[in-house]
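Q: coordinates only, no sequence provided:
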């Protein structure tokens, strides 16, 4: 058997392998098929505390994410069934939960004055049991940092025009609230820069890496439809599959060489108060990945939609 | 059997450890003593057991948290030693007794007789005994020597990772870079070891290596060289099998580091110039083998591993081959919540399931690759199904659990979980499979008492 044939045979063998969680009783299985195919709905959104950052001023920033195992998105408005306690830290969590694993969707900074306290994120999906996770300056196993990764990746910088730069899961929130009418496309724009310094002698870094901005509806009562802006078209190639089941939304924009703007057109179906999230990542680098908890940054834009 | 002796058991090494064998004979005598209620002393009975099984780690500069090289060092720890030995927590080789395949190479487990001797000695007050009966100190390899150096000499190839400083705390790190392999022609591998240098042992969670090439799309085509996870001893390829070291490939390192470290000797300090070395022992050029082997990661790729707060979970994976194989080794992998694993084979034609290996007390600090003796390594017909099971405990009962209040899902971080096994597979054609099966049947027949 040639080396290539061996490689193909090994690949086929690996592809046949499936590994699944047993929740009840085992039954005869076909390879690569889960015991329990994901249902369209009915499973709770699982809240994840991704980790915590010790900030220089004594405060602690906690990164939160989630996993929606349903094949359909779940909406849980902020309020009794979707809240952060204590209440004065409430408000940055999403109201729409897309299918799949979404790490570091928002951050909550616990001020230095209450740095030893624990915050809790509560979420209740439909009629299911309420779930919760704590966030705090906790176990070292969950400690995160903002230092360069081994191949140089750091959290990229993201900002709105004339705004301050932000990075990391807590990111930056636009100072202004944009106003637009239902059905009218609104241009949204973020500026980006990846300051990661990588070794060009590494064959993977022979040329600067593109970064990526993905646009998400974060909060709001209606649907948000994203279409590409002519100046920064959507990425049409399939997204790299990650083992952590992190799906890539269609509204992906590449930022060539990791520096420049990303734009999108957002159209809203209903009036109300919305928040749009732009996630900037440099996951093209071998030392950066969502479930490795580095490196990406969020930016949030509030939008008021009128009739 | 003891740690010094383990690798001498590998037939193709063909090296005897005279002093070790002598000590084992002493241990047998001690076992008799324990069972008959006679006095058990350190000098006469226990020192040899500790020398052969404990001192390799519990010595000056070793990874054990205390030294156990003399009676004075051992005596204060006697009750703890008794507890750890009686519970089979030490030596750290978790593998269930009396179930599944017990014919392992590099098996660190103490015999029942040795355990009984240690227990009896502590129960009798841990006496020193007659100094003239003390065994000579063990002949140990150097702390940083290669594990197989005594049997195989120095590796033919030593490939080092680029140095990196590991901070005292913060997020896990993954260092993925390329180095030259220096391999100029395809060769068959005899053995492999991955060795973190110095303090790196406690901060290197895993260090995988791949034969790698950059493809036309700028991606990486790679095949595993070997895998290392905390505590792993190494891998030995059976005689008559070729696991190929590919020519003109780069080596891609994929090193996962856990700042601050894990386990009893975690430094909780910066580790400067962390380097991991890959040692490869090669067969001579021109070595021919009918059977090819590779190492694969048979893993969860469904992203559907969830462990609830204060809860437990179990995963089950399946794999079948379209040709016969022999399972040469089995090494389950997980993190802080994983506490047990097993390997089974399901035979569709009979509907029967065979339990091959069970590890009921698995720990992330000791990732052993359980190497089956070639004569009893599972022969798996085409179509049979490998079933890997892994169990997780996210309750406060799990002493390794960093926070039982958290949801735990799949992830590479130490705080997240994984569900996969590294399995070395010898790929067989039908003729070779039948030949090996026949050899085993003949051997079994010849071992039957005459007249049967």
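A: Cool, got the structure. In this text the structure is predicted, and so the values were computed from the model without any measurement.
Q: tally of neighbours for residue A:208?
A: 14 (other Cβ atoms under 10 Å in any protein chain shown). For glycine as for every other residue, the C-beta is placed from the backbone atoms N, C-alpha and C.
Q: mind listing the helices for chain B?
A: According to DSSP state H, chain B carries its helices in the segments B:3-6, B:18-36, B:47-53, B:71-74, B:78-86, B:112-123, B:149-152, B:200-203, B:430-446.
Q: for the stretch 251-400 of chain B, what lies in contact range of chain A?
A: Within the stretch 251-400 of chain B, the positions near chain A by Cβ under 8 Å from any Cβ of the partner chain are B:255, B:260, B:292, B:294, B:296, B:298-306, B:309, B:313-322, B:336, B:388.
Q: would you list the buried entries among the residues you listed?
A: For these, a burial check counting by 16 or more other Cβ atoms under 10 Å in any protein chain shown picks out B:255, B:260, B:292, B:294, B:296, B:298-306, B:309, B:313, B:315-321, B:336, B:388.
Q: excluding its backbone neighbours, what's nearest the residue nearest in space to the middle of chain B?
A: Central residue of chain B (Cα atoms, centre = their mean): residue B:368, 2.0 Å from the mean position. Once flanking residues are discounted, residue B:368 sits nearest to residue B:93: 6.1 Å by Cβ to Cβ, 6 or more residues apart in numbering or on different chains.
Q: again with residue A:58
A: With Cβ to Cβ, 6+ apart as the criterion, residue A:58 has its nearest non-adjacent residue at 3.2 Å, and that residue is residue A:112.
Q: and that neighbour, backbone torsions?
A: phi -60, psi -30 (degrees, to the nearest 10).
Q: do residue B:350 as well
A: Here is the backbone geometry of residue B:350 (degrees, to the nearest 10): phi -110, psi -20.
Q: for chain A, see how far away it is.
A: Distance, residue B:350 to chain A, by Cβ to the nearest Cβ, to the nearest Å: 14 Å.
Q: can you tell me the helix or strand for the closest residue to residue A:183 other than its chain neighbours?
A: Once flanking residues are discounted, residue A:183 sits nearest to residue A:267: 6.3 Å by Cβ to Cβ, 6+ apart. Residue A:267 belongs to strand A:259-268 when assigned by DSSP states H and E.
Q: buried residues in that strand, which are they?
A: Within strand A:259-268, the residues scored as buried using 16+ other Cβ under 10 Å are A:259-260, A:262-268.
Q: am I right that residue B:368 is in contact with residue B:234?
A: No - the criterion here is Cβ atoms under 8 Å, and residue B:368 misses it with residue B:234 at 10.4 Å.
Q: residue B:270 and residue B:232: what is the separation?
A: In this view, residue B:270 and residue B:232 are 24 Å apart by Cβ to Cβ, to the nearest Å.
Q: neighbour count for the two, which is higher?
A: Neighbour count, other Cβ under 10 Å: between residue B:270 and residue B:232, residue B:232 has more, with 21 against 15.
Q: ok, that one - contacts?
A: B:194, B:331, B:367-369 (Cβ atoms under 8 Å, 6 or more residues apart in numbering or on different chains).
Q: bridging residues for residue A:215?
A: Per DSSP bridges, the residues bridged to residue A:215 are residue A:278.
Q: hmm, it is touching residue A:275, no?
A: No - between residue A:215 and residue A:275 there is no contact under Cβ under 8 Å: 11.8 Å.
Q: more crowded one of the two?
A: The neighbour comparison of residue A:215 against residue A:275 (other Cβ under 10 Å) goes to residue A:215, with 27 against 21.
Q: look up how far residue B:80 lies from the more buried one.
A: Counting by Cβ to Cβ, the separation of residue A:215 from residue B:80 is 58 Å.
Q: same deal with residue B:207?
A: Noted for residue B:207: a distance of 31 Å to residue B:80, by Cβ to Cβ.
Q: so those two - more neighbours on which side?
A: residue B:207 (25 against 12).
Q: so who does that one touch?
A: Per Cβ under 8 Å, 6+ apart, neighbours of residue B:207: B:161, B:194, B:196, B:228, B:253-256, B:276.
Q: ok, what's across the strand from it?
A: Assigned bridge partners for residue B:207, using DSSP bridges, are residue B:255.
Q: show me where the stretch 201-307 of chain A has strands.
A: Using DSSP state E, counting those that start in this stretch, the strands found in the stretch 201-307 of chain A span residues A:211-219, A:224-228, A:252-255, A:259-268, A:272-281, A:296-306.
Q: which of those sits most buried?
A: Highest mean neighbour count among the strands of the stretch 201-307 of chain A (mean count of other Cβ atoms under 10 Å in any protein chain shown): strand A:211-219, with a mean of 24.
Q: pLDDT of it, averaged?
A: Across strand A:211-219, the average pLDDT comes to 97.
Q: circling back to that earlier point, show me the two of the contacts of residue B:232 that sit farthest apart.
A: Greatest spatial distance among those (Cβ to Cβ): B:194 and B:368, at 13.7 Å.
Q: where does the chain dip in pLDDT?
A: If you meant another chain, say so; for now it's chain A. Applying pLDDT under 70 to chain A picks out residues A:1-38, A:240-245.
Q: let's do chain B instead
A: B:1-37, B:263-266, B:300-303, B:450-452.
Q: burial count for residue B:135?
A: With other Cβ under 10 Å as criterion, residue B:135 counts 18.
Q: again with residue B:226
A: 24.
Q: so in terms of bridging, what pairs with it?
A: Beta-bridge partners, per DSSP bridges, of residue B:226: residue B:209.
Q: that one reaches residue B:296, doesn't it?
A: No - counting by Cβ under 8 Å, residue B:226 stays clear of residue B:296, with 11.6 Å between them.
Q: who touches both of the two?
A: The contact sets of residue B:226 and residue B:296 do not overlap (Cβ under 8 Å, 6+ apart).
Q: show the contacting residues for residue A:170.
A: Contacts of residue A:170 (Cβ under 8 Å, 6+ apart): A:61, A:63, A:106-109, A:298.
Q: what of residue B:251?
A: Shown in contact with residue B:251 (Cβ under 8 Å, 6+ apart): B:159, B:178-181, B:209-212, B:225, B:278.
Q: hmm, try it at 6 Å
A: Residues counted as contacts of residue B:251 (Cβ atoms under 6 Å, 6 or more residues apart in numbering or on different chains) are B:159, B:179, B:181, B:209.
Q: okay, now the second one: neighbour count?
A: Burial measure for residue B:179: 16 neighbouring residues, criterion other Cβ under 10 Å.
Q: beta-bridge partners for it, please?
A: Bridge pairing for residue B:179 - DSSP bridges - gives residue B:251.
Q: help me confirm that residue B:222 comes into contact with residue B:212.
A: Yes - with contacts counted by Cβ atoms under 6 Å, residue B:222 reaches residue B:212, the gap being 4.2 Å.
Q: shared neighbours, those two?
A: By Cβ under 6 Å, 6+ apart, the residues touching both residue B:222 and residue B:212 are residue B:252.
Q: the more surrounded of the two?
A: Between residue B:222 and residue B:212, counted using other Cβ under 10 Å, residue B:212 has the larger neighbour count: 23 against 19.
Q: can you pull the contacts of that one?
A: For residue B:212, the contacting residues are B:220, B:222, B:250, B:252, by Cβ under 6 Å, 6+ apart.
Q: next: residue B:162.
A: residue B:177.
Q: picking up where we left off before, scan the contacts of residue B:212 and report the most crowded one.
A: Counting neighbours by other Cβ under 10 Å, residue B:252 leads the contacts of residue B:212 with 23 neighbours.
Q: and for that residue, nearest residue in space, chain neighbours not counted?
A: residue B:212 (3.9 Å).
Q: where's that neighbour relative to residue B:200, distance?
A: Here residue B:212 is placed at a distance of 22 Å from residue B:200 (Cβ to Cβ).
Q: what segments of the stretch 151-300 of chain B are strands?
A: Using DSSP E, counting those that start in this stretch, strands in the stretch 151-300 of chain B cover B:157-160, B:164-166, B:173-180, B:187-196, B:204-214, B:220-226, B:235-236, B:241-242, B:244-245, B:250-257, B:271-274, B:276-282, B:291-299.
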